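>>> What follows is a predicted structure for the sequence shown.
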Amino acid sequence: MLLKEGGAAGHLQHLYDNRDLTYNELESILTKASQGNLVGTEKTDGFNIYLGYNDGRAKAVRNKTDFRNNGMDARDLMNREFKGGEGIKKIYNDAFAAFEQAVQTLSEQEKQILFGRDGRTFLNTEIMAGLTNVINYDSNALSIHRSGHKRYKPETDEIEVIPPEELSRISQMLDTATDRFEQALSGVNFRVQQTALQKLQGVSDKTILDNVLKQIRDAGFSGDMTVGDYMYSRIYPAVAQELGDFPKVAEQLTNRLLGKPASNLTILKKEVGNQQVFIDKISNILAQEKQLLGQAIEPIENSIHDFAVELLKGVQSAYVLNQEDEVGRIKAEVADAIKAIQEYEGEGKEEAWGILAKQLKKLKNIENVNTSVEGFVFQIGDQVYKFTGNFAPVNQLLGLFRYGRGNLPPLKKAAINEVLDQVGKQLIAIYPGRFHPFHKGHKTAYDALASKYGPENTYIFTSGKVELPKSPFTFEEKLKMMQLAGIDPQKVVRVSTPYHAREIAFNFSDKDPAKTIVIYGVSQKDMNEDPRFAFKAKQDGSQSYLQPYAENYIETMDKHAYVTTVPTVEFTVLGVPVTSASELRRQFASLNEEDQVQFITDLFGNYSEEVHAIMRSKLMPQNVNEDLFANEVMNILLEMSLAGDGAVEGAPMINDKEKPRKYNSKELIDLVNKELENE
């Protein structure tokens, strides 16, 4: 079997998607399933990827171009852009790193069995990590499927689906390697395994199968008729009615809609004598292709859907710890989605209601959400099929609810802490910084974090460290500034190291680290410029504690804390755009009393004599204790000199044979300002 176009994964078919399938074959498969004689694997709601090994490296494939290029290595994957953004990219890269580590446990002979002698065989794999789409998985896993593996044939530029006998050898090989994978990945965030085989229990009520088969026969599908024949019998009459005296054109046009060999449009237009009215009808029919095909297969699709719902009732996912809770969570969100769509009155209302009506026709009742699995995958001959039950309508409703469609906006209003409550987790959002001084730009960033994660969950972390001239304010003084800007002082936490887990554990001792998620909000500028946000691996190869934030892939604080970005708001002080804290400090020191009042009002959004006094005492040179100030500045300049492996230009030199030169405050200020200009 060859896949000549499309992405690597292709389309996993429902029974009714195979237009060569006859009614008799369909009845045989449904009977086998109802009797509990169908063996297959859980269909998971994850991210698909194809994995291989060649040229001494693990490789990954996402599309046909990747197949042609013999796959992507770790560096290629790291440089790849992902539609879902950095969070989704991280999931793929972490999963690939686990696979790369696991494959090193294989012998050369084992690698050849799995990936072919030429290394062009790639294994069909699913990545599960947290809430990927509908289902919230409790463990991170790379699940290698038992079917759907593919090989690229460069001589024909075609992708070949691996035949059953070779699939069997691959599955046996993976089974023998499972223990080695597990041992090699001890302590790693992902486990690598082959999807477990399972047998469906069937349906206890035998009338269910009888009723489904009767519905299908009553719809006109029976005997040796194929699905394609059935769809032709439903589409052709409508097309022929539109085209009147041109039955052959209707026949060719119907074949074209069904993907069968047919005359091209130029010939069809000639057949109708180039009459514009019929040319327009041909164009209109082709424009309705999706609708016509959907209406044609709908009776069979709905019957098989109802059967699949009964078949999958109560089936449990191997990747969900508490099945009952997860089913309850999905039900609750679907109920919220239905209510929100029903009550929606804005732009796109008719489209939203149409989607709701179509999906409720399948879902029928919220109680029919009865399983934590997406579906069941099985193979008949060389064809792989799926049963998906109510996952499909649930997916459609939740997609509309969460993300909108076209002109329809997202309808989901639930705060993130409500979602976390449903999965038994808490959240702490932290806005960290030195804040010398704090200002209304910081307040806007804090508000953005609080708006997303809830003001009750959001805190400011800052230290009380004073180092002149960069950090002149004490914790208590910064707290006064934050209050002036509108920050609740109860939400400000004094720490020594904002980014360390021990600080969070100490200040939030009432939180269970295994049930608490920690998110830091930092400006995009800091993300780009500050090396502590590089997220580089530790020396032992393990992940650093801080990781980039990904909405659907996030662990508790006993494992990691996450960094997301907050907006950097531009504003002016005395008509001058704010560029840096050091520039603000210099600017204040140069102002007269009246301008300082306006400066403080612009900086914080309010004025306070107390804050004014703090800034005067710390930023005006004539008010600073000269000996203390000189000592601090001398230390700083000396540190700059030593750190740079040489003297700072203009800095006072100190050695055992020389006494430090006495500098007055103006000279020291000039030296410091010279250095600050180079920040």
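Looks like it arrived, so ask away.
>>> longest helix in the chain, by residue count?
In the chain, with assignment by DSSP state H, the single longest helix is helix 289-312.
>>> Please identify the buried residues of the next helix or strand after that helix?
Later in the chain than helix 289-312, the nearest helix or strand by DSSP states H and E is helix 323-343. Buried residues in helix 323-343, counted by 16 or more other C-beta atoms under 10 Å: E326, V327, R329, I330, K331, E333, V334, D336, A337, I338, A340, I341. Placement of C-beta: from N, CA and C, glycine included.
>>> Repeat that for stretch 563-573.
For stretch 563-573, burial by neighbour count (16+ other C-beta under 10 Å) applies to V563, T564, T565, V566, V569, V573.
>>> gap between the two ends of that stretch?
29 Å (C-alpha to C-alpha, to the nearest Å).
>>> Could I get the CA-only coordinates of the strand or helix carrying I600 as CSV?
Assigned by DSSP H and E, I600 belongs to helix 593-604. Taking C-alpha atoms only, helix 593-604 is exported to CSV below (Å, rounded to 0.1, in the frame of the first residue of the first chain):
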residue,chain,number,x,y,z
GLU,A,593,12.1,69.6,43.6
GLU,A,594,9.1,70.6,41.5
ASP,A,595,10.1,68.3,38.6
GLN,A,596,10.7,65.5,41.0
VAL,A,597,7.1,65.6,42.2
GLN,A,598,5.9,65.3,38.6
PHE,A,599,8.6,62.6,37.9
ILE,A,600,7.1,60.5,40.8
THR,A,601,3.6,61.0,39.6
ASP,A,602,4.5,59.9,36.1
LEU,A,603,6.5,57.0,37.3
PHE,A,604,4.0,55.5,39.7
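>>> For the stretch 401-550 of the chain, which segments are assigned as strands?
Using DSSP state E, counting those that start in this stretch, the strands of the stretch 401-550 of the chain run over residues 426-432, 458-462, 492-494, 516-523, 546-548.
>>> With mean neighbour count as extra columns, can I get these in a markdown table?
As requested, these are exported to a markdown table (neighbours: other C-beta atoms under 10 Å):
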| stretch | mean neighbour count |
| --- | --- |
| strand 426-432 | 23 |
| strand 458-462 | 23 |
| strand 492-494 | 18 |
| strand 516-523 | 22 |
| strand 546-548 | 19 |
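>>> Output the buried residues of helix 323-343 as CSV; include the columns distance to K525.
Converted to CSV, the buried residues of helix 323-343 look like this (distance: C-beta to C-beta, whole Å):
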residue, distance to K525
E326, 40
V327, 44
R329, 38
I330, 40
K331, 43
E333, 36
V334, 41
D336, 37
A337, 38
I338, 43
A340, 37
I341, 40
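>>> quick one: low-confidence parts of this structure?
Along the chain, the model assigns pLDDT under 70 to residues 1-11, 83-87, 130-132, 412-424, 528-532, 550-553, 621-679.
>>> Report the central residue of it.
With the centre of the chain defined as its mean C-alpha position, the nearest residue by C-alpha atoms, centre = their mean is I88, 4.0 Å away.
>>> ok so, going back, which strands and helices sit next to the helix holding I600?
For helix 593-604, the packing partners by 3 or more C-beta pairs under 8 Å, 6 or more residues apart in numbering; DSSP states H and E come out as helix 475-485, strand 572-573, helix 581-589, helix 609-619.
>>> pretty sure N70 is touching Y53, no?
No: using C-beta atoms under 8 Å, N70 is not in contact with Y53, being 10.6 Å away.
>>> Now do the shared contacts for those two.
Common neighbours of N70 and Y53, counting by C-beta atoms under 8 Å, 6 or more residues apart in numbering, are K59, G119.
>>> who has more neighbours, those two?
Between N70 and Y53, Y53 has the larger neighbour count (other C-beta atoms under 10 Å), namely 23 against 19.
>>> returning to that earlier point: please convert the strands of the stretch 401-550 of the chain to CSV, extending it with distance to I300.
Shown next, in CSV, are these (distance: least, C-beta to C-beta, whole Å):
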stretch, distance to I300
strand 426-432, 46
strand 458-462, 52
strand 492-494, 61
strand 516-523, 45
strand 546-548, 46
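>>> To A102, which of the ones you listed lies closest?
Smallest distance to A102 across the strands of the stretch 401-550 of the chain (C-beta to C-beta): 21.2 Å, for strand 546-548.
>>> Give me the helices and strands touching whichever helix or strand comes after the closest one, please.
Next helix or strand after strand 546-548 toward the C-terminus (DSSP H and E): strand 561-566. Here strand 561-566 touches helix 440-453, strand 516-523, helix 524-529, strand 546-548, going by 3+ C-beta pairs under 8 Å, 6+ apart.
>>> looking at those, which is closest to I428?
I428 lies closest, by C-beta to C-beta, to one member of the helices and strands packed on strand 561-566: strand 516-523, at 5.0 Å.
>>> Can you give me the buried ones in stretch 461-468?
Within stretch 461-468, judged by 16+ other C-beta under 10 Å, the buried ones are F461, T462, S463, L468.
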